[in-house]
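> what follows is a predicted protein model with its sequence.
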Amino acid sequence: MAAFMGPQQGMLQEGASDVKGENARMASFVGAVAIADLVKSTLGPKGMDKILQSMGRGQEVTITNDGATILKSVYVDNPAAKVLQDISKVQDDEVGDGTTSVVVLAGELLREAEQLVAQKVHPMTIIAGFREAEAVAKAELTSAAFSNAQNPDVFRQDLLNIAKTTLSSKILTADKVHFAELAVEAISRLKGSGNLEAINIIKKVGGALKDSFLDEGFILDKKIGVGQPKRITDAKVLIANTPMDTDKIKIYGARVRVDSMAKVGEIEAAEKDKMREKCEKIISHGINCFINRQLIYNFPEEIFADAGIMSIEHADFDGIERLALVLGGEIVSTFDHPEDVKLGYCKQINEIMIGEDKLIHFSGVALGEACTIVLRGASSHILEEADRSLHDALCVLSETVKEPRVLFGGGWPEMRMARAIDEAAKKTPGKKSLAMEAFARALRQLPTIICDNAGLDSADIVATLRAAHGADPLNTRMGVDVIAGGAGDMSELGIFESFRVKQQVCDLTRVQACVNAGPKLIQCHAVYVECQRVLISQKRKVSGFINTAGPK
């Protein structure tokens, strides 16, 4: 019997150990809460940036306060922490913003669940209470949302306010009005399609962020071939993905025996004839511009120049896919049947200068909503973070156009939902009410963290907000005003948020760490830990996190 009750040697690998009961549960709680605490300091308009240094060969440095970017850069081996990392990625993929909020809310819910478990509240009771609180929160959020989609001018102002609110916590906050205008203009050109592929973003070092601009057309960061026309009108464009470098013999791992150098010359001539025939097939399509994803060597480039055709080489896959979309053409690889090829079209192609670089500008493209935003900045680090920030704003605006309902920001939705949950908890019998009250406390932690990150008195401000929402729950618009350092009217301050984003943050199918995965984390009975793993310091992608005051 003793041997039977001993360690399960047949189930575990050699050198493995198991952690059970409270230790396993505590490991899950600690791992998830640690991830939430990692990104908590980046939340809100005064959140701080983090410097991430890669442990790879290049030791690249990234400066960001984007929750998804930070968590993607971190090596995580705790299963509960991995769940939070995944929901941040899902939030980023689906709506583009709220990645920090969703992780912080999940971490606070787990922190509250840990305290309830310590009070001997059963995990299933906690989960049932969380589910009831979630239903109340979603109903309150839906009733609080409003839409001005019927009035285009007011709705555009709503979009501008949402863009400014989104950019307030990013590196672009100093020029948020300028970039909000750029983002709204770009989204308005899409005419409700939500196809962000039509918006091209180019980063060019030099100048200041405020020098960034939107161009009504498509800009490709490539160069035109030597000796070819630099400007053409009524362009008929053939977009291809084909090798154009076979004018040189490339035989790897093989040997060719010839009697004389004349034979080598004949082989090279045959290769050139083959390339000439291919170029003639391309020219027979009646085009005046040829764009290839792969390289175009000197010989075919010379043939195109003699034919007066503009050729553009090495347009990477992302660029050529977007070009095919905006020009209305198709990417081809064979040229035997010109009648089956769909050519791209634009009114004019010309070479332009941005800073000290030459780029190619396509105007009057077939996809009229296509546009390009050119970002300028002092360094590559600033441009990369500006790109991430602007992309978040574009994603939020795109979702708002599809779902035009909006909410006030600054912690207003969280305070309103928390009040509704507290009222429902008072009418709920049993220990489930404890879990519902814990859910409300977790929601109130978001405006509390926003205040703490801004160096404000969070206890006083949150108490003021709670009193305002309790006195007039339906009409109050009070939220956190970090500029004035107190509570303020969100409508007058123009602080708005997208209903779609906030719904995703509060949707517990996204915050799976606390509800869907609740039985797995809160009721965790055993976690088997492999001892023979590589040291975390060797596998980790990020060596450290240094809080730095962002350019707020």
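Looks like it arrived, so ask away.

> so where's the protein shaky on pLDDT?
Where the chain drops to pLDDT under 70, the residues are 1-22, 246-255, 317, 508-552.

> quick one: furthest residue from the center of it?
Farthest-out residue of the chain from its mean C-alpha position, per C-alpha atoms, centre = their mean: D259, at 61.1 Å.

> what helix or strand does it sit in?
D259 belongs to no helix or strand when assigned by DSSP states H and E.

> separation between it and A269?
16 Å (C-beta to C-beta, to the nearest Å). All C-beta spots, glycine's among them, are computed from the backbone N, C-alpha and C.

> quick one, helices of the stretch 451-552 of the chain?
Secondary structure of the stretch 451-552 of the chain (DSSP state H, counting those that start in this stretch): helices located at 458-471, 490-493, 499-506, 518-522, 536-539.

> among these, which is nearest A366?
Nearest of the helices of the stretch 451-552 of the chain to A366, taken as C-beta to C-beta: helix 499-506 at 30.3 Å.

> out of the helices of the stretch 451-552 of the chain, deepest packed?
helix 499-506 (a mean of 24; mean count of other C-beta atoms under 10 Å).

> helix or strand: which one has G107?
Per DSSP H and E: G107 is located in helix 99-118.

> list the buried residues in that helix.
Within helix 99-118, the residues scored as buried using 16 or more other C-beta atoms under 10 Å are 99-114, 116-117.

> next structured bit after that helix?
Following helix 99-118 in sequence order, the next helix or strand is helix 123-144 (DSSP H and E).

> how many neighbours does Q150 have?
With neighbours defined by other C-beta atoms under 10 Å, the count for Q150 comes to 8.

> also S169?
S169: 26 neighbours (other C-beta under 10 Å).

> could you do E339 as well?
5.

> can you classify it by secondary structure?
Judged by DSSP: H, G, I helix; E, B strand; the rest coil, the three-state class of E339 is helix.

> quick one: it and E330, what's the gap?
13 Å.

> so what sits against both of those two?
Common contacts of E339 and E330 (C-beta atoms under 8 Å, 6 or more residues apart in numbering): none found.

> which strands and helices lie in contact with the helix holding G107?
With contacts taken as 3 or more C-beta pairs under 8 Å, 6 or more residues apart in numbering; DSSP states H and E, helix 99-118 sits against helix 21-40, helix 67-72, helix 79-94, helix 123-144, helix 432-453, helix 499-506, helix 518-522.

> quick one: which of these is nearest L209?
helix 67-72 (18.6 Å).

> could I have that closest one exported to CSV, CA atoms only?
The C-alpha coordinates for helix 67-72 follow below in CSV (Å, rounded to 0.1, in the frame of the first residue of the first chain):
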residue,chain,number,x,y,z
GLY,A,67,0.4,46.3,-23.6
ALA,A,68,0.3,43.8,-26.4
THR,A,69,3.8,44.8,-27.6
ILE,A,70,5.2,44.5,-24.1
LEU,A,71,3.6,41.1,-23.5
LYS,A,72,4.6,39.7,-26.9
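
> where's it relative to the chain centroid, distance-wise?
Relative to the mean C-alpha coordinate of its chain, helix 67-72 is positioned 9 Å out (C-alpha atoms, centre = their mean, to the nearest Å).

> what are the contacting residues of that helix?
Outside helix 67-72, the residues that touch it by C-beta under 8 Å, 6+ apart are 35, 38-39, 42, 50, 52, 62, 64, 84-85, 88-89, 91-92, 99-103, 388, 545.

> one more time with 6 Å, if that's ok
39, 50, 85, 88, 92, 99-100, 103 (C-beta atoms under 6 Å, 6 or more residues apart in numbering).

> so which of these would you say is closest to I287?
I287 lies nearest to D92 out of these, by C-beta to C-beta, at 39.8 Å.

> I'd say the closest one and T99 touch.
Yes: look at D92 against T99 with C-beta atoms under 6 Å: they come within range, at 4.9 Å.

> just flag the most distant two among the contacts of helix 67-72.
K50 and D92 (16.3 Å).

> which ones are touching E437?
The contact partners of E437, taken as C-beta under 6 Å, 6+ apart, are A425.

> L43 - how many residues pack around it?
Neighbours of L43 (other C-beta under 10 Å): 22.

> likewise for I87?
I87 has 25 neighbouring residues, counting by other C-beta under 10 Å.

> go on, D245?
15.

> residue boundaries of the strands in the stretch 351-500 of the chain?
Using DSSP state E, counting those that start in this stretch, the strands of the stretch 351-500 of the chain run over 357-365, 371-377, 405-408, 478-481, 486-489, 496-498.

> contacts for stretch 29-39?
Residues from elsewhere that reach stretch 29-39 (C-beta under 6 Å, 6+ apart): 67, 70, 78, 80-81, 84, 100, 103-104, 107, 110-111, 114, 513.

> stretch 295-313 now?
Stretch 295-313 has contacts (C-beta under 6 Å, 6+ apart) with 222, 224-225, 227-229, 232, 244-245, 247, 275, 279, 283, 288-292, 314.

> show me what contacts S363?
If a contact means C-beta under 6 Å, 6+ apart, then S363 has 217, 347-348 as its contacts.

> go on, D392?
When contacts are counted by C-beta under 6 Å, 6+ apart, D392 touches 96-97.

> could you pull out the helices for the stretch 301-450 of the chain?
Taking DSSP H, counting those that start in this stretch, the helices of the stretch 301-450 of the chain run over residues 317-327, 380-402, 412-426, 432-453.

> next one: the shortest one to chain centre, how far?
Centre-to-centre, helix 317-327 and its host chain are 20 Å apart (C-alpha atoms, centre = their mean).

> ditto for the last one
Per C-alpha atoms, centre = their mean, the displacement of helix 432-453 from the mean C-alpha position of its chain is 26 Å.
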